[in-house]
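A.B. asks: Fold the stuff below for me.
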Amino acid sequence: MNPSIIPLFFLGIVLGTGLVASSSHLLLAWMGLEINTLAIIPLMIQNRHPRAVEATTKYFITQATAAAVLLAAATANAWLTGQWNIYEQAHEIPTLMIISALALKLGLAPLHLWLPEVLQGLDLNTGLLLSTWQKLAPFLILTQMPLNDNSLLIVLGLSSTLVGGWGGLNQTQLRKIMAYSSTAHLGWMILIVKYAPALTMFTLVVYWVMTSSAFLTFKFNKAYTINALGLSWADSPLMTSMVPLILFSLAGLPPMTGFAPKMLILQELTKQDLGTTALLTALTALLGLYFYLRLSHAIALTLYPNNLTGIPRWRLHNCGPTALLVMLTFSAVLLLPLTPSITALFTP
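C.D. replies: The predicted structure is shown next:
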């Protein structure tokens, strides 16, 4: 692929998300989602690898199915209510179809099976884009939809946190682990998307920071499996030592940055008289904590029997990490004391 055309695809992704954010018309929102999808597909297939082709095909079929369901729901809603406005959702069946289509686009359980397989076939840069920016547009539609009953969102959220933690237990591929981590974190966000949209956006931004630092660290160490990440100390011992801290932040352990959104979400659920939901969500978080600790153990506490021969490579190639990676890593670890100031930025 010609490198000069790649910024055009990134522009299409941004324009598609901007169209969704600026429109309350269901047809325009659908068009924004499609522009977003069609712009990322060439970036997914640029490596010309069979696994990348397979992942791109699965992603296209999944997103086309979700788009068809969303368009059918919008047409049915216009037929029943005479309105194309996202705020006018007077019938339950179109609302259920729209939520199901958006859940498929986001990768929420039980509609998540495409996400680990697609992410496994992509490079780390495109996988980062798919795990972060592509989640924004469906959330923007969900925050605009009026719902009289949030039970479906609660079921989707609880199942996502459970499946996201359970699915990552026996994985050895880092990209699949991050895919299940994405499903689990999206489950936390979907639980409170109608009760506190500002908190949902705050959680999404914190998730972006933590996931970006994790993906860029994996890319910096050229690690795709747990074993490769455990042996990456020869390339960059300092960055490898930061990986457990990033994983602890993803797990939501204090005093890392990732503890703030989970604490606020549990507090909001308790305020909404959903104490049982908060308890179940906190218990499912223990599953994710287990495989994050498993990764940290493989990186920091395991001495491999086969020692690397020769001079460690980091002494020969002393190239420091980029400024973006350093900034994201420190943001993922040290921003917990600034939580009140950051949440104030998202409060209308």
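A.B. asks: hey, let's count contacts and neighbours off CA atoms from now on
C.D. replies: Noted.
A.B. asks: Just checking, which helix or strand of this structure averages the lowest pLDDT?
C.D. replies: When the helices and strands of the chain are scored by mean pLDDT, DSSP states H and E, helix 313-316 comes last with a mean of 48.
A.B. asks: and the helix or strand that that one is followed by, what other elements does it pack with?
C.D. replies: Proceeding N to C from helix 313-316, the next assigned helix or strand is helix 323-334, under DSSP states H and E. If you count contacts as 3 or more CA pairs under 8 Å, 6 or more residues apart in numbering; DSSP states H and E, helix 323-334 packs onto helix 197-221, helix 237-251.
A.B. asks: pLDDT score assigned to the nearest residue to L253 once chain neighbours are set aside?
C.D. replies: Distances taken as CA to CA, 6 or more residues apart in numbering put F259 closest to L253, at 5.4 Å, once the chain neighbours are dropped. Listed pLDDT for F259 reads 93.
A.B. asks: repeat for S24
C.D. replies: S24 is given a pLDDT of 85.
A.B. asks: same deal with the one 10 residues further on?
C.D. replies: The predicted local confidence for E34 comes out at a pLDDT of 93.
A.B. asks: Could you give me the buried positions within the helix or strand where it lies?
C.D. replies: In the assignment (DSSP H and E), E34 maps to helix 26-44. Going by neighbour count (16 or more other CA atoms under 10 Å), the buried part of helix 26-44 is 26-41, 43-44.
A.B. asks: Which of the helices and strands packed on helix 323-334 has the lowest mean pLDDT?
C.D. replies: Across those, helix 237-251 gives the lowest mean pLDDT, at a mean of 85.
A.B. asks: Tell me which residues touch the nearest residue to L269 once chain neighbours are set aside, please.
C.D. replies: Distance criterion CA to CA, 6+ apart; nearest residue to L269, sequence neighbours excluded, is A278 at 5.8 Å. Residues near A278 by CA atoms under 8 Å, 6 or more residues apart in numbering: 266, 269-270.
A.B. asks: which strands and helices sit next to the helix holding E34?
C.D. replies: If you count contacts as 3+ CA pairs under 8 Å, 6+ apart, helix 26-44 packs onto helix 6-22, helix 50-81, helix 136-144.
A.B. asks: so how far is that helix from its chain's centroid?
C.D. replies: How far helix 26-44 lies from its chain's middle: 18 Å, per CA atoms, centre = their mean, to the nearest Å.
A.B. asks: returning to what we had before: which of the helices and strands packed on helix 26-44 sits most buried?
C.D. replies: helix 136-144 (a mean of 20; mean count of other CA atoms under 10 Å).
A.B. asks: If you average the pLDDT over it, what comes out?
C.D. replies: The model assigns helix 136-144 a mean pLDDT of 90.
A.B. asks: One more: stretch 2-17?
C.D. replies: 88.
A.B. asks: any low-confidence regions in the protein?
C.D. replies: 1, 89-90, 234-235, 302-321, 348 (pLDDT under 70).
A.B. asks: In PyMOL, how would I select just the buried ones from the contacts of A278?
C.D. replies: Burial among these is assessed by 16+ other CA under 10 Å; the matching PyMOL selection reads:
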select buried, resi 266+269
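A.B. asks: Show me which of the contacts of A278 is closest to I299.
C.D. replies: Closest approach between these and I299, by CA to CA: L266, at 30.4 Å.
A.B. asks: nearest residue to that closest one other than its sequence neighbours?
C.D. replies: A278 is the one closest to L266 (CA to CA, 6+ apart), at 5.4 Å.
A.B. asks: relative orientation of the stretch of helix or strand the one you found belongs to and helix 237-251 in degrees?
C.D. replies: Assessed by DSSP H and E, A278 sits inside helix 275-296. Angle of helix 275-296 versus helix 237-251, following axes from the mean of the first three to the mean of the last three CA atoms, to 10 degrees, is 160 degrees.
A.B. asks: Now do helix 275-296: distance to the chain's middle.
C.D. replies: 17 Å.
A.B. asks: before we move on, what about stretch 151-161?
C.D. replies: 16 Å.
A.B. asks: Name the residues that touch that stretch?
C.D. replies: 108-110, 183-191, 277, 280-281, 284-285.
A.B. asks: Filter those down to the ones in helices?
C.D. replies: 183-191, 277, 280-281, 284-285 (DSSP state H).
A.B. asks: Neighbour-wise, which one of those residues leads?
C.D. replies: In terms of neighbours by other CA atoms under 10 Å, the ones in helices among the contacts of stretch 151-161 top out with A184 at 31 neighbours.
A.B. asks: wait, what's in contact with that residue?
C.D. replies: Contacts of A184 by CA under 8 Å, 6+ apart are 160-165, 288.
A.B. asks: could you redo the last one with a cut-off of 7 Å?
C.D. replies: Applying CA atoms under 7 Å, 6 or more residues apart in numbering, we find A184 in contact with 160-161, 164-165.
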